[in-house]
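Q: Quick one, what's the 3D model for this:
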Amino acid sequence: MNLSQKKWRLLDKIVAVCVLGILVGAAFGIISAHPGNAGASDDPNEGQAPSGDPFEPPEDFESAVVVDGEDREEPLYLRRYDLQHIDPDTLMPLISGLGIDVRTVRVDANRRTIWARGTGKSLWQLGELITAVDRAENKLSIGYASIVTEHITPSRMIAHLSEVGLSPDRYITVGRTLMIFDRALLDRWSEVVDLASRVDTPASRDSRVFIYTLRNTAGEDAAERLNTIGFSDVQTQTFNYPELSKEIMVICPPEVYDEVVEALATIDTIRRRVRVPLITVSGDNARRQLEARRTLLSQLSGVPEGSMHISDNISGNINSPEYVLWVEESPEVVKQLEALLNRL
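A: Here you go, the predicted model:
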């Protein structure tokens with residue numbers, strides 16, 4: 001092979017390499033300029049739902065809904081909508097009635113928020129609908145929710161709610177039903193319902209046992225009167241010498257504790273004084289016997305001797321005198337003095 005042939009072959013190779021480079025470059029230029037490119041992007045925000053007003057359409061809304069004759073899948077976005085005057089239960093029928101193609105999700109922790117997933121066009125339609133209907137004139141005049149208690153009373157339920165910072169300011173109770181009208185609690189209704197389910201259990205009915213100290217009434221009398229009031233599931237227990245003891249043990253459900261204590265306080269009030277004869281003694285030393293007994297009764301009962309009196313001779317015979325020891329005190333105190341005399 002001579003030198004001229006070698007030069008022509010080298011030139012052919014250089015031309016082939018240049019043509020191949022031009023073809024490859026053109027091919028890459030065509031791919032990068034194609035609007036349907038599905039390659040990875042360097043933009044970290046690509047594929048994420050745009051931020052901003054949830055009622056505004058996404059930035060690529062126009063390109064997403066333009067029909068250009070090509071069959072392609074529209075991107076889906078997830079948006080949050082905060083309602084001001086209506087609740088999601090009112091909005092749902094309107095969405096389905098207008099045929100807006102979105103999937104909605106509600107979160108019980110916030111009853112005024114709705115999440116929707118759909119195309120840019122669907123979310124824009126949903127935003128337009130919310131703007132049109134979420135107005136003050138469409139707000140319900142009265143909104144409330146209710147809890148029906150089974151094991152505890154509504155008043156005890158309110159006490160439990162207050163202990164955890166969920167105390168209602170506007171509520172009514174009807175029987176076992178607690179109706180709450182506070183908007184703040186309605187927006188956190190899932191927390192309220194969860195707490196109610198935890199505290200309204202059979203375990204909450206565990207009896208409360210306490211000892212009530214009386215001032216004026218004996219334990220025996222207090223127990224009898226408390227039982228006649230008609231409390232359900234309330235038991236009383238007196239101690240030794242119930243006719244003299246000033247204490248009573250009560251076993252009751254926690255929900256009626258306050259009512260039982262109030263009833264005992266009413267029972268243990270001072271009654272108007274009465275005058276009652278306690279004992280009659282006759283004989284030569286009758287008066288001295290009654291004086292000695294009066295002193296002993298005062299020491300045992302705490303009743304002052306000035307409340308107990310000895311009468312004059314009621315027999316009319318100075319040779320066979322007869323005297324009466326009588327007392328001026330409340331009926332409860334008189335009964336205790338009689339019980340002490342029976343033990344002498």
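Q: Which residues outside the helix or strand where Glu262 lies are in contact with it?
A: Using DSSP states H and E, Glu262 falls within helix 257-267. Under the contact criterion C-beta atoms under 8 Å, 6 or more residues apart in numbering, helix 257-267 has outside partners 208, 210, 212, 214, 217, 221-222, 225-226, 229, 231, 234, 248, 250, 252. C-betas here are computed from N, CA, C, even on glycine.
Q: Export that helix to CSV, keeping only CA atoms.
A: In CSV, the C-alpha atoms belonging to helix 257-267 read as follows (Å, rounded to 0.1, in the frame of the first residue of the first chain):
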residue,chain,number,x,y,z
TYR,A,257,-71.2,10.8,97.0
ASP,A,258,-72.0,14.5,97.0
GLU,A,259,-75.7,13.9,97.3
VAL,A,260,-75.2,11.5,100.2
VAL,A,261,-73.0,13.9,102.1
GLU,A,262,-75.5,16.7,101.6
ALA,A,263,-78.3,14.5,102.9
LEU,A,264,-76.3,13.6,106.0
ALA,A,265,-75.6,17.2,106.7
THR,A,266,-79.3,17.9,106.5
ILE,A,267,-80.1,15.0,108.8
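Q: What residues of that helix count as buried?
A: By 16 or more other C-beta atoms under 10 Å, the buried positions in helix 257-267 come out as 257, 260, 263-264, 267.
Q: Average pLDDT for stretch 271-281, rounded please.
A: Stretch 271-281 shows a mean pLDDT of 90.
Q: picking up where we left off before, now the element after the helix holding Glu262, going C-ward?
A: Next along the chain from helix 257-267, counting by DSSP H and E, comes strand 274-282.
Q: who does that next one pair up with?
A: strand 322-329 (antiparallel) (DSSP bridges).
Q: For the partner strand, what is the distance to the chain centroid?
A: Centroid separation for strand 322-329 versus its chain: 60 Å, with C-alpha atoms, centre = their mean, to the nearest Å.
Q: do stretch 77-89 as well
A: Worked out by C-alpha atoms, centre = their mean, stretch 77-89 lies 26 Å from the chain centre.
Q: Distance across it, terminal residue to terminal residue?
A: 22 Å (C-alpha to C-alpha, to the nearest Å).
Q: Need the mean per-residue confidence for that stretch.
A: 84.
Q: again, but for stretch 215-222
A: Here the average pLDDT along stretch 215-222 is 89.
Q: Over to Leu340. Which of the three states is it?
A: helix (DSSP: H, G, I helix; E, B strand; the rest coil).
Q: what's near enough to touch Met92?
A: Contacts of Met92 by C-beta under 8 Å, 6+ apart are Thr104.
Q: what secondary structure does it sit in?
A: Per three-state DSSP, Met92 ends up helix.
Q: what separates it from Val281, distance-wise?
A: 92 Å (C-beta to C-beta, to the nearest Å).
Q: returning to what we had before: max pairwise distance over the contacts of helix 257-267: which two?
A: The span of the contacts of helix 257-267, defined through C-beta to C-beta, is set by Arg208 and Asp221 at 22.6 Å.
Q: Look at these two and report which has more neighbours.
A: Neighbours were counted for Arg208 and for Asp221 using other C-beta atoms under 10 Å; Asp221 has more, 21 against 14.
Q: How about that one: what's its closest non-neighbour residue?
A: Nearest non-adjacent residue to Asp221, counting by C-beta to C-beta, 6 or more residues apart in numbering: Glu332, 6.4 Å away.
Q: So which bits of the helix or strand hosting that neighbour are buried?
A: Per DSSP H and E, Glu332 falls inside helix 331-343. Buried residues in helix 331-343, counted by 16+ other C-beta under 10 Å: 332-337, 339-340.
Q: Sketch out the low-pLDDT regions of this protein for me.
A: Where the chain drops to pLDDT under 70, the residues are 1-72, 107-109, 137-143, 203-206.
Q: quick one, helices of it?
A: 3-33, 61-65, 88-97, 120-133, 154-163, 183-186, 189-199, 219-229, 257-267, 286-301, 331-343 (DSSP state H).
Q: was I right about Gln237 contacting Met249?
A: Yes - the pair Gln237 and Met249 passes the contact test of C-beta atoms under 8 Å, sitting 4.2 Å apart.
Q: who does the nearest residue to Val234 once chain neighbours are set aside bridge with?
A: Distance criterion C-beta to C-beta, 6+ apart; nearest residue to Val234, sequence neighbours excluded, is Cys252 at 4.4 Å. Beta-bridge partners recorded for Cys252 (DSSP bridges): Arg208.
Q: and Cys252, what is it in contact with?
A: Neighbours of Cys252 in contact, by C-beta under 8 Å, 6+ apart: 207-208, 231, 233-235, 260.
Q: Quick check on the contacts of helix 257-267: which are buried?
A: Using 16+ other C-beta under 10 Å, the buried members of these are 212, 214, 217, 221-222, 225-226, 231, 234, 248, 250, 252.
Q: Out of those residues, which comes closest to Gly175?
A: Phe231 (17.6 Å).
Q: Verify the stated contact: that closest one with Glu255.
A: No - counting by C-beta under 8 Å, Phe231 does not reach Glu255; the two are 11.1 Å apart.
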